[in-house]
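Student: What follows is a predicted structure for the sequence shown.
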Amino acid sequence: MSETTLVESKGEDSERREIGNEAAWTLSSAKPGNGVEQLRDDNIETFWQSDGVSPHMINVQFYKKMRIKELKLCCDFKRDESYTPNKISIRAGTGFHDLREVQVVELDEPDGWVVIDLTTKASDGTGNVKILRAHVVQIAILSSHQNGRDTHVRQVKIYGPRQSSTKGFGTELSRFNTVEFLQFSCIR
């Protein structure tokens, strides 16, 4: 059995960065040898397997309020069958006491990465995008395919926006492209 490691191209990540390593991850339940380590090991051959009653939870706790742009879950219906998530609820808040449902996603026999966009259009009519800000994100697997009791999730990635290192200085210094200007574009 060969080991498959995830390789994501850096080109597609110019607008976002993976922030999962800045969080504490907990699970509602897990079979021995199929826990958080397997969920975050960048290997699609391993997976988290729940071991308890529904709903099954993946909790992501950040030490500070983070800007969250999208979630990616790796699921494989062909290999996992009735263990594959069918209905997922994404919840966010400042703590477990005030989680609110942000999005509900229904999956139809997923095969690979499922991308869940957590941005919303601003209501002011400008077309701007609002990015979710939260201390806690909870992924609740409400049901599995074929009425399965437990669930398998192969990988989870959580992304925040990539921010310019010069943003907030009153001018966007990144528009300078000569060496003379770029050498002063960041503070050491």
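Tutor: Good, I have the coordinates. Small disclaimer: the values here were computed from a predicted structure and weren't measured.

Student: My guess is Gln155 contacts Asp76. True?
Tutor: No. Counting by CB atoms under 8 Å, Gln155 stays clear of Asp76, with 10.2 Å between them. For glycine as for every other residue, the C-beta is placed from the backbone atoms N, C-alpha and C.

Student: Need the residues touching each of the two.
Tutor: Residues touching both Gln155 and Asp76 (CB atoms under 8 Å, 6 or more residues apart in numbering) are Ile44.

Student: ok, and the helix or strand in this protein with the lowest average confidence?
Tutor: Least confident helix or strand of the chain, by mean pLDDT, DSSP states H and E, is helix 179-182 with a mean of 72.

Student: what about that helix, distance to the chain center?
Tutor: Here helix 179-182 is found 36 Å from its chain centre; the criterion is CA atoms, centre = their mean, to the nearest Å.

Student: Packing partners of that helix?
Tutor: Helices and strands touching helix 179-182, as assessed by 3 or more CB pairs under 8 Å, 6 or more residues apart in numbering; DSSP states H and E, are absent.

Student: what about the residue nearest the centre of the chain, which helix or strand?
Tutor: Central residue of the chain (CA atoms, centre = their mean): Ile158, 2.3 Å from the mean position. Taking DSSP states H and E as the definition, one finds Ile158 inside strand 155-161.

Student: strands paired with that strand, and their directions?
Tutor: Here strand 155-161 has these sheet partners by DSSP bridges: strand 16-18 (antiparallel), strand 70-76 (antiparallel).

Student: For the first one, which residues meet the burial criterion?
Tutor: It refers to strand 16-18. Neighbour counts over strand 16-18 (16 or more other CB atoms under 10 Å) mark Arg16 as buried.

Student: Run the chain-centre distance for it.
Tutor: Worked out by CA atoms, centre = their mean, strand 16-18 lies 10 Å from the chain centre.

Student: and the next element down the chain from that strand?
Tutor: Next helix or strand after strand 16-18 toward the C-terminus (DSSP H and E): strand 23-27.

Student: and that following strand, what does it pack onto?
Tutor: Here strand 23-27 touches helix 36-39, strand 56-68, going by 3+ CB pairs under 8 Å, 6+ apart.
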